[in-house]
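> sequence below, structure please.
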Amino acid sequence: MMLTIARRLMTVIPTLIGVVIVTFLLTRVLPGDPAVYFAGPAATPQSIAEIRKSLGLDRPLPDQFVRYVNDLAHGNFGNSLSTGRPVATEISSRLPASAELTLSGLLLSIVIAVPLGIFAAVKQGSLIDHLCRIIATAGVSLPVFFTGLLSVYLFYFRLGWAPAPLGRLDAFASTPPDITGFYLIDSLLAGNFETFRAALSQLILPAVTLAIFSLAPITRMTRASMLAVLASEFIRTARASGLDGRTVILTYAFRNAMLPVVTTLGMVFSFLLGANVLVEKVFAWPGIGSYAVEALLQSDFAPVQGFVLTMAVMYVALNLFIDMLYGVIDPRVRLEA
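Down below sits the predicted model:
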């Protein structure tokens, strides 16, 4: 297993190098000039040229790239031109908000989708199976921003059940101590149940929006994988041996069906990181997705580059974790490695 992890880490290096190069080039070919934006509409060509020189944008691209790589090697993502703060500081302060939202949506979808997929496979052709197909079709068909806007309109504007979609806490709640960055966990550790209730109420709608988006692939993969395993000979042998049906399904069938489901969970998590950008804008969630969108609209290169690199590192780390999880679920993976 350690050899497998080492090999995977060796393949990570070219991937990250490619991400750095592509990110740098894409931010340079995007429409808009940061110097023109920050100089203002009444700026003269001379003032624009001075700003471009101070930002280093007048240098050739190879020189800009060498400077950019040198800053990355020292852990410096640069400073945001719109806020004036270091990008690394902004990302580290906003990343827990995005992680809490994404993980909440993923856990909620797992709790619903996995049992639904198992029941649909066991009761093939039943009402639960048809319900599974309807949910999968609806989850694929509905864009995440549409689901978010619809939930805000229905549960906040019409029914008044949900709080205003204005961030992680309402105006009357106090911020919990910064321990993990996750408001739900930090408020429980501090014993502040009012803040926990306020944070949970703000989290429900965006988390449900992400969960609806991710229900479809998890449910479909769980159902398909369980159907393939239930048709195997060892399952028929287990049933013929007189084992309890629950034992056959959960102990034998589901464990052998978990590998495709775990792979799907990794893909869904990466999809949620992208969908998180739209959800954060709809619910005014102060995460790194909304931060990157605002920087992109202002032609602020450094935050966009920092956002893409952070997402790339998280995606690579997630894939490495899934490879390790394979060996825990199926010992044959360790033997093949």
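
> for the residue most central in space within the chain, what are its contacts?
Among the residues of the chain, the one closest to the centroid is residue 273, at 2.4 Å (Cα atoms, centre = their mean). Going by Cβ atoms under 8 Å, 6 or more residues apart in numbering, residue 273 touches 98, 102, 311, 314-315. C-beta coordinates here come from the backbone N, C-alpha and C atoms, glycine included.

> closest to residue 233 out of these?
Ranked by distance to residue 233 (Cβ to Cβ), the contacts of residue 273 are led by residue 315 at 37.5 Å.

> quick one: the closest one from residue 261, how far?
19 Å (Cβ to Cβ, to the nearest Å).

> so the two - more neighbours on which side?
Between residue 315 and residue 261, counted using other Cβ atoms under 10 Å, the more crowded position is residue 261 (21 against 16).

> my guess is residue 61 meets residue 27, correct?
No. Look at residue 61 against residue 27 with Cβ atoms under 8 Å: they stay out of range, at 11.2 Å.

> out of these two, which sits in the more crowded spot?
The neighbour count for residue 61 versus residue 27, taken as other Cβ under 10 Å, is higher for residue 27 (19 against 10).

> now do the spatially closest residue to the more buried one that is not a sequence neighbour, the pLDDT please.
Counting by Cβ to Cβ, 6 or more residues apart in numbering, residue 27 lies nearest to residue 301, which is 4.5 Å off, once chain neighbours are set aside. In this model, residue 301 is scored at 79, pLDDT.

> now residue 241
You'll see residue 241 listed with a pLDDT of 81.

> tell me the phi and psi of it?
Listed backbone geometry of residue 241 is phi -80, psi 0, with angles given as degrees, to the nearest 10.

> from the contacts of residue 273, which is closest to residue 246?
Ranked by distance to residue 246 (Cβ to Cβ), the contacts of residue 273 are led by residue 102 at 32.4 Å.

> buried stuff in the helix ranked longest in the chain?
For the chain, the longest helix by residue count, based on DSSP state H, is helix 193-230. For helix 193-230, the neighbour count (16 or more other Cβ atoms under 10 Å) marks 195-196, 198-199, 202-227, 229-230 as buried.

> next SSE downstream of that helix?
Note on helix 193-230: by DSSP states H and E, the next helix or strand toward the C-terminus is helix 233-240.

> hey, C-alpha coordinates of that following helix in CSV?
Extracted in CSV, the C-alpha atoms of helix 233-240 (Å, rounded to 0.1, in the frame of the first residue of the first chain):
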residue,chain,number,x,y,z
GLU,A,233,-22.9,-17.0,-7.8
PHE,A,234,-21.6,-16.4,-4.3
ILE,A,235,-24.7,-14.5,-3.4
ARG,A,236,-26.9,-17.4,-4.6
THR,A,237,-24.7,-19.7,-2.6
ALA,A,238,-25.0,-17.6,0.5
ARG,A,239,-28.8,-17.6,0.1
ALA,A,240,-28.9,-21.3,-0.5
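
> ok, and what's touching the next helix or strand after that helix?
The helix or strand immediately downstream of helix 233-240 is helix 245-247, counting by DSSP H and E. Contact with helix 245-247 is made by 238-239, as judged by Cβ under 8 Å, 6+ apart.

> now helix 245-247: average pLDDT?
80.

> same question, stretch 218-236
86.

> repeat that for stretch 96-113.
The pLDDT scores in stretch 96-113 average 90.

> isn't the residue nearest to residue 27 right next to residue 26, touching?
No. Taking Cβ under 8 Å as the definition, residue 301 is not a contact partner of residue 26, at 9.8 Å.

> who has more neighbours, the two?
Taking neighbours as other Cβ under 10 Å, residue 301 and residue 26 compare with residue 301 leading, 26 against 13.

> separation between the more buried one and residue 294?
Residue 301 is 13 Å from residue 294, where distance means Cβ to Cβ.

> go on, residue 92?
17 Å.

> same check on residue 3?
Taken as Cβ to Cβ, the span from residue 3 to residue 294 is 44 Å.

> comparing the two, which residue is more hemmed in?
Neighbour count, other Cβ under 10 Å: between residue 3 and residue 294, residue 294 has more, with 15 against 8.

> cool, thanks, signing off.
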